[in-house]
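**Q** need coordinates for the below:
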Amino acid sequence: MKFSDITQRLQSVEHDNNIDVLRACAILSVALHHFSVYAGIPVPLFGPDGGGIGVQLFFLISGYLIIQSAERNSLGDYAKARFFRIFPVYWVALVGIVLVEVSLVPGFRQLVANDYPHFLLNLLNLQQLSVRSSLFFDRVHVGWTLTVELFWYAIVVVLALVAHRVRWRHFWLGVLVLSTLLSIAWIKTTNTGALDFLYLAQARNAGVEFTPLLQHVLIKSNIVGYLYFFVMGTVIYRYEKVLRRIPSSILWPVALLLILLWSQWQVVVGLAPQPLAAVGLACVFILFLKLPPIKDVLVRYIGKISYSLYLVHAKVMVVVYANLQWSGAGAHLTVVIATLLLATALYYTVEQPMIDYGKRFRSKNRSSVPDSAAA
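**A** Numbers count the residues shown, from 1 in each chain. Have a look, this model is predicted:
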């Protein structure tokens with residue numbers, strides 16, 4: 001494919017609502033957080049909070065897009081679309097990393113041989129259900145979010161069917177209220193330690209301490225804790241025409257107030273994740289929907305390959321900064337180039353071809369959003 005063809009494709013009106021730009025913002029936010037962690041270089045706001053900002057923005061995008069796929073496809077076509085969109089490129093990235101580590105690290109080779117069922121959970125994107133899978137076999141270092149996404153893909157089908165049957169005009173607003181209350185109750189209960197029993201025995205069997213960090217990753221940050229972020233994205237889709245009428249002079253200050261003071265609001269509210277974060281990111285989302293299509297080729301390209309970037313960026317940083325213990329400008333340049341090259345290769349050799357290949361197995365008379373619009 002010629003570069004001019006790529007440029008023309010990226011500048012097409014396929015995503016005239018700037019979804020690719022939002023994806024670019026989300027992956028850059030996550031990458032800046034990991035850069036700060038692994039390189040040890042402080043990055044204002046995004047160093048401590050970029051992971052939360054980026055991941056939660058991805059969840060909003062998923063809520064906005066996946067409901068469209070669930071409603072416009074048959075259940076079979078929906079499942080096929082999700083499978084070919086998510087799993088093939090993930091398997092290539094994960095298995096590729098594991099094969100390299102097995103060949104270079106004898107201890108890891110023995111670990112895979114002894115605990116292969118836990119590795120299989122990673123292949124199924126169910127790693128968050130197991131302490132061993134999360135700690136020892138999540139070689140892409142972002143696997144917990146994939147488990148959360150997978151549960152959303154199942155839940156949204158059920159919700160869409162219920163919405164179709166009850167035909168209540170404001171069904172999704174009701175779901176947003178209920179899911180927010182459920183999440184708040186879940187996080188508050190987790191804070192008391194009452195839900196630690198879900199993973200405490202697993203942690204002991206794995207020989208690790210069940211720390212507050214593990215509690216946050218495995219219990220607070222599961223689908224129950226994050227469900228209302230996805231629903232918020234769905235509500236934005238459902239009420240987009242109304243929400244676009246909100247003046248930008250209101251959206252910008254609210255977004256800045258809630259996002260720039262991200263950590264402070266977590267302390268004030270006493271929840272992490274917390275609903276004000278969803279409100280702030282929703283304001284950003286609506287602002288981008290209101291903007292004319294942003295034609296910047298580089299930004300749209302980053303958004304286009306954001307899933308592949310998401311799968312490889314953290315591992316590249318671990319190798320360069322932790323394993324090889326490189327530092328300085330040369331190391332940073334190596335991380336950027338290696339990440340972009342790997343993500344580009346994954347996107348054009350696996351991700352996009354598998355999306356196209358998956359279309360062959362779907363109904364010819366379907367009506368659906370493009371697979372490239374998937375989160």
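
**Q** may I have stretch 203-211 exported as CSV, CA atoms only?
**A** Coordinates of the C-alpha atoms in stretch 203-211 are reproduced here as CSV (Å, rounded to 0.1, in the frame of the first residue of the first chain):
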residue,chain,number,x,y,z
ALA,A,203,-2.7,-15.3,46.7
ARG,A,204,-1.6,-17.6,49.5
ASN,A,205,-1.4,-20.6,47.1
ALA,A,206,0.7,-18.5,44.8
GLY,A,207,3.0,-17.5,47.7
VAL,A,208,2.4,-13.8,47.4
GLU,A,209,1.0,-11.2,49.8
PHE,A,210,-2.5,-9.9,49.0
THR,A,211,-1.5,-6.2,49.0
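
**Q** just the element for residue 335, please.
**A** Taking DSSP states H and E as the criterion, residue 335 maps to helix 329-346.

**Q** got the contact list for residue 41?
**A** Applying Cβ atoms under 8 Å, 6 or more residues apart in numbering to residue 41 gives the contacts 35, 47. In short, each C-beta sits where N, CA and C put it, glycine included.

**Q** quick check: which element contains it?
**A** Applying DSSP H and E, one finds residue 41 in no helix or strand.

**Q** same question for the one 3 residues further on.
**A** With the criterion set as DSSP H and E, no secondary-structure element contains residue 44; it sits in neither a helix nor a strand.

**Q** what about it, how many residues nearby?
**A** Counted with other Cβ atoms under 10 Å, residues neighbouring residue 44 total 11.

**Q** just the pLDDT for it.
**A** pLDDT for residue 44: 95.

**Q** again, but for residue 5
**A** 44.

**Q** need the three-state assignment for residue 140.
**A** Three-state assignment for residue 140 (DSSP: H, G, I helix; E, B strand; the rest coil): coil.

**Q** how close does it sit to residue 42?
**A** Using Cβ to Cβ, to the nearest Å, one gets 25 Å for the distance from residue 140 to residue 42.

**Q** so for these two, which residue has more residues nearby?
**A** Taking other Cβ under 10 Å, residue 140 and residue 42 do not tie; residue 140 has more neighbours (20 against 9).

**Q** ramachandran angles for that one?
**A** phi -90, psi -10 (degrees, to the nearest 10).

**Q** ok, now residue 355?
**A** Backbone torsions for residue 355, taken as degrees, to the nearest 10, come to phi -60, psi -50.

**Q** which intervals of this protein have sub-threshold pLDDT?
**A** For the chain, the stretches flagged by pLDDT under 70 are 1-16, 364-375.

**Q** which one's the longest helix in it?
**A** helix 75-104 (DSSP state H).

**Q** what's the burial count for residue 206?
**A** Count around residue 206 with other Cβ under 10 Å applied: 19.

**Q** show me what contacts it?
**A** Contacts of residue 206 by Cβ under 8 Å, 6+ apart are 131, 132, 135, 136.

**Q** so which of these is the closest to residue 176?
**A** Residue 176 lies nearest to residue 131 out of those, by Cβ to Cβ, at 31.6 Å.

**Q** packing partners of the helix or strand hosting residue 185?
**A** Per DSSP H and E, residue 185 falls inside helix 171-191. Applying 3 or more Cβ pairs under 8 Å, 6 or more residues apart in numbering; DSSP states H and E, one finds that helix 171-191 contacts helix 143-166, helix 223-238, helix 275-290.

**Q** among these, which comes closest to residue 360?
**A** Among those, helix 143-166 comes nearest to residue 360, with 20.9 Å by Cβ to Cβ.

**Q** next one: the closest one to chain centre, how far?
**A** 14 Å (Cα atoms, centre = their mean, to the nearest Å).

**Q** buried set for the helix holding residue 335?
**A** 331, 332, 334, 335, 338, 339, 340, 342, 343, 346 (16 or more other Cβ atoms under 10 Å).

**Q** same question, stretch 209-218
**A** So for stretch 209-218, counting by 16+ other Cβ under 10 Å, buried means 210, 214, 215, 217, 218.

**Q** got the end-to-end distance for it?
**A** End-to-end distance for stretch 209-218, by Cα to Cα, to the nearest Å: 13 Å.

**Q** hmm, who's touching that stretch?
**A** By Cβ under 8 Å, 6+ apart, stretch 209-218 touches 128, 131, 134, 144, 190, 193, 196, 198-200, 203-204, 208, 272.

**Q** and the residues you listed, which of them are in strands?
**A** With strands defined by DSSP state E, no entry of the contacts of stretch 209-218 lies inside them.

**Q** top of those residues by neighbour count?
**A** residue 128 (26 neighbours).

**Q** what's around the closest residue to it other than its chain neighbours, how many residues?
**A** If the residues on either side of it in the chain are set aside, residue 128 comes closest to residue 147, at 3.7 Å by Cβ to Cβ, 6 or more residues apart in numbering. Residues lying near residue 147 (other Cβ under 10 Å) number 25.

**Q** where's residue 63, which helix or strand?
**A** helix 46-72.

**Q** how many neighbours does residue 95 have?
**A** Neighbours of residue 95 using other Cβ under 10 Å come to 14.

**Q** what does the one 5 residues further on give?
**A** Burial of residue 100 is recorded as 14 neighbouring residues (other Cβ under 10 Å).

**Q** show residues contacting the helix holding residue 185.
**A** Against helix 171-191 from outside (Cβ under 8 Å, 6+ apart): 159, 162-163, 168, 195, 215, 219-220, 224-228, 231-232, 234-235, 238, 270-275, 278.
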